[in-house]
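> A structural model of the following input is requested.
(3 chains)
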Amino acid sequence: MDKKPCNSQEAEVRKGPWTMEEDLILINYIANHGEGVWNTLARSAGLKRTGKSCRLRWLNYLRPDVRRGNITPEEQLLIMELHAKWGNRWSKIAKHLPGRTDNEIKNFWRTRIQKHMKQAETFTGQISEQNDDHHHQASTSQLCGGGGVVDAVVETYSPSSYPGNDLETFPGPFPTESNDNIWCMEDLWSMQLLNGD
DNA sequence: AAGACTTTCAACCGCTGCTAG
DNA sequence: GCTAGCAGCGGTTGAAAGTCT
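Numbers count the residues shown, from 1 in each chain, chains lettered A, B, ... in the order given. Prediction:
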């Protein structure tokens, strides 16, 4: 509580949301010097951020090839397939989705897929109460078969599991618009080009 | 209209593995 | 072989936005 920072540098480390100025500084610096040792980069660029924070901001948000906005049904399917294969290896999964970051995929999984998994569990629980014998056989074979629990999850979320057999009807409020509450990346990059030398 | 509740996602934290000295 | 510093990863948090009552 009354603990004081060890030195003045530590006291100056900024946390929390990035400002537009900070974004511009980072973009401008990387455009001129390239990515490097992040701690050094943060200091050299004059940012009062940790190298870790700079790296995260760059990789998850500022990189020009980062795709923002809605995840397509194809991407949803791929995420589910790869998650079934590798589990929570988000960075590995992200490598197969160009322009998507591990953080984005992780958030997508936790907020959308996991939510529907719970709903589906509740739903199948209700069904199983009604069709106990039949469903017990099916779920047992899924969970104990070659694929194990992971396959059961994929089975639960395969397109054929939903009415209409189409990912377009995959339940849930998948967004159709990109975020508007943030400054446009094109603005930042055009400003960078104006400032850059 | 406004307060309560829910959802989303950017950012932080702690841990692990790698590598240079 | 040991150690320190760094990058990267996955889990978690909290603020803001959106929705409901």
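
> was I right about residue A:25 contacting residue A:47?
Yes: counting by CB atoms under 8 Å, residue A:47 is a contact partner of residue A:25 at 5.8 Å. (Each C-beta comes from the backbone N, C-alpha and C, glycine too.)

> Touching, residue A:49 and residue A:42? I think so.
Yes: applying CB under 8 Å, one finds residue A:49 in contact with residue A:42, separated by 5.3 Å.

> which residues in chain A form helices?
In chain order, chain A shows helices spanning A:8-11, A:20-33, A:38-44, A:51-57, A:73-86, A:90-95, A:102-108, A:114-130, A:132-144, A:148-157, A:185-195, with DSSP state H as the criterion.

> and the gap between residue A:46 and residue A:59?
20 Å (CB to CB, to the nearest Å).

> typo on my end, it should be residue A:36
If you measure residue A:36 against residue A:59 using CB to CB, the figure is 14 Å.

> Equivalent analysis for residue A:18, please.
Distance, residue A:18 to residue A:59, by CB to CB: 13 Å.

> Break chain A into its domains for me.
Structurally, chain A divides into domains by automatic domain parsing as follows: A:8-64, A:73-169.

> Considering these, which stretch scores lowest in mean pLDDT?
Out of the domains of chain A, domain A:73-169 stands lowest, with a mean of 64 (criterion: mean pLDDT).

> returning to what we had before: so if I had to pick from residue A:18 and residue A:59, which one is more boxed in?
For the pair residue A:18 and residue A:59, the greater number of neighbours falls to residue A:18 (19 against 16), based on other CB atoms under 10 Å.
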